[in-house]
Structures are given as C-alpha cells and as structure tokens.
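Engineer: For reference, the sequence and a predicted model appear below.
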Number of protein chains: 2
Amino acid sequence: MTQVFKQPASPKQAARRRSRLDSLLDPELFRALADPTRSKLLACLIKCSRPCSVTEIAQCCDLDFSMVARHLATLARSGVLTANKQGRTVWYQAPPDLAARFRAIADAIDELTPTDCCEGDCCG
Amino acid sequence: MTQVFKQPASPKQAARRRSRLDSLLDPELFRALADPTRSKLLACLIKCSRPCSVTEIAQCCDLDFSMVARHLATLARSGVLTANKQGRTVWYQAPPDLAARFRAIADAIDELTPTDCCEGDCCG
DNA sequence: AGTATACTTGCATTGTGACGCAAGTATTCA
DNA sequence: TGAATACTTGCGTCACAATGCAAGTATACT
C-alpha cells in the first residue's frame, strides 16, 4: 500500500496537490544540465572523481577558457558541482550526494505512481 | 569492489573514458525539463497518473492553449511523456519507466564513484 | 454538408543564453 | 616590486526558445 492518497480526478486537482516532487523537479537543476557542453563537463568531473582545476578541465574541450569557467560556475550554482577556491585556483568536484539527488526524484515519482496491483486478476 | 577501473589521472583522460553515463546524461532530456512551465506540467501529469487531454491539462495553467500543446509535445518528444492520439484528442501520460530513467542516472554515477573504503584506517 | 471541438502550425515579438575576445582582479613567485 | 598564473567580468554578436494570436487541419456530431 504505497498509495496512501486518493487519485486526483483532474489535472487541475493534481496540480494543487503538494508533493516532494515539486521541489525536486527543479528547473534550475535541469537548466544547468541542458547544455551539451555542461553535461559533458559534469560527466568528465564525475569520471575523474577528484577535485580538478578550471585549467585542467579546460584541456578537455575545444572551448574558450572563460566559457569553461562560466559553465563550471553555472554547474556549481545549481549544486551539481562543488567549488573550492584555494589560492588562485578553484577546485571543482562532483559532490558525493549527486547520485542521491537523482534517486530522490525517482523515489518521489514512484511515490506518486499507484502500484498496479491488479495485473492479471489477483485483485478480482 | 564496485570500482573495477583505474581512476583517470586527468580530466582529459576522464573525458575519453566511455560510460553509460554519457548517454544517460542527455541534454535533450534536461532541456525538456528546464522550462518551469514544462516541469510543472510534468509534475501535474505524474500526480494525475492517468492519461489526460491537452484541454484538461490547459486548465491547470494560465497559459495560451497552443503553448500548453506545444510544451506537452516537447515533453513527449524527449520521452518524458507518452502521447496517444485517439480521434481528435491526444492523451498524454507519464510513462511507467520515468522513475527508472532517473534511477539509471543515479546508478551510473555511483558506478563511476569510487566507494570510499578507506574511511578510518581500514586500508592502512 | 455544415458546425463544433481538439489540436497544430505560422508568424512576429521578446527575452535569454552561449560564445569569443579583451580587460580586470586576485594570488603566487622571483 | 614586477611578472606570471588562474580565474572573473564586461561587452557585442548571434541563435534559439517562449509567448500570444490568428489561421489551418483533422475529427466528431447533427
């Protein structure tokens, strides 16, 4: 009995229902990932699994250095990367809770999805 | 021993490594969710957990009907909604595998993240 | 056939974001 | 103190996406 609420009768009613999903489905997060360059940078940082400087990262892609710096700052602003300034270099890294952030979205969706217990005829 | 690969020495090496994550971190998916109106529409459809027509859905939001139709088409094109045309009405619905899509991203990230087995001094 | 319904498409406007270049700031090193 | 390094910011250009309105298409209903 995952489903402890009544199904809304209409989309209008559904839109009024508050849920964890509302905050998790954050456009700001997705906007950060919507740019192909940024999504590649993020993938790169995840694979690296250690703090990397902008200079290092800029060597991955054929892009103006200032653009790389801006993209990384954008990713950090949306919480998809952590930034750590030490002296004159900024160390960017994928935060440990990044996977959890996506898993939370998945969980929130599941939470709102009625489990189809009636496949076959078990619920006669 | 989740980590069966060597850590890349540099972001440049990391960028070359192929991973499931590369295709899962799809900018097209995120671009669809990056618009606040669209993310609200999607949340609405998830909460509704049944097929809804454009007319029904348009009553949720203070937006031109044609825009709602366009947004829903965009979401469907990116695979975040399914569209089913019957007669003159189109039924949109959040697909059953939507949560799985986000969970797959989470899993792919975990797969690339070395498990920190050395907390404390166990690996001394 | 004619009308209403449900959606799609064309179009003009407007805003925003990606981009490169150049200049600026902050920190380190000699 | 001066120069090099590592980033940040300002600015102009360009492309594209969101929006509303109006017109078009496809389907159902009478």
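Structural biologist: It's in.
Engineer: can you point me to the longest helix in chain A?
Structural biologist: Looking across chain A with DSSP state H, the single longest helix is helix A:98-112.
Engineer: ok, and the closest residue to A:P51 other than its chain neighbours, which helix or strand is that part of?
Structural biologist: Ranked by C-beta to C-beta, 6 or more residues apart in numbering or on different chains and with sequence neighbours excluded, the top spatial neighbour of A:P51 is A:W91, at 3.6 Å. Just so you know, the C-beta spots here come from the backbone N, C-alpha and C atoms, and that holds for glycine as well. In the assignment (DSSP states H and E), A:W91 maps to strand A:89-93.
Engineer: Any part of that strand near DNA strand C?
Structural biologist: No - using C-beta under 7 Å from any atom of the strand, strand A:89-93 never reaches DNA strand C; the gap is at least 8.2 Å.
Engineer: So which residues of chain A form strands?
Structural biologist: For chain A, strands defined by DSSP state E occupy the ranges A:52-53, A:82-86, A:89-93.
Engineer: Show me which residues of chain A sit near DNA strand D.
Structural biologist: A:53-55, A:65-66, A:69-70, A:72-73, A:83, A:85, A:88-91.
Engineer: ranking those by neighbours, who comes first?
Structural biologist: Among the residues of chain A next to DNA strand D, A:L72 has the most neighbours (other C-beta atoms under 10 Å in any protein chain shown), with 24 neighbours.
Engineer: In this structure it contacts A:W91, no?
Structural biologist: No - under the criterion of C-beta atoms under 8 Å, A:L72 is not in contact with A:W91, lying 10.4 Å apart.
Engineer: tell me, what's touching the two both at once?
Structural biologist: A:A83 (C-beta atoms under 8 Å, 6 or more residues apart in numbering or on different chains).
Engineer: follow-up on the earlier one: give me the average confidence score over the longest helix of chain A.
Structural biologist: Averaging pLDDT along helix A:98-112 gives 97.
Engineer: helices or strands next to it in the packing?
Structural biologist: helix A:20-24, helix B:36-48, helix B:98-112 (3 or more C-beta pairs under 8 Å, 6 or more residues apart in numbering or on different chains; DSSP states H and E).
Engineer: from those helices, which stretch is densest packed?
Structural biologist: helix B:36-48 (a mean of 23; mean count of other C-beta atoms under 10 Å in any protein chain shown).
Engineer: Could you check how far the residue in chain A that DNA strand C sits nearest to is from A:S53?
Structural biologist: Using C-beta to the nearest atom of the strand, the single residue of chain A nearest to DNA strand C is A:G87, 2.5 Å away. Here the criterion is C-beta to C-beta, to the nearest Å. By it, A:G87 lies 10 Å from A:S53.
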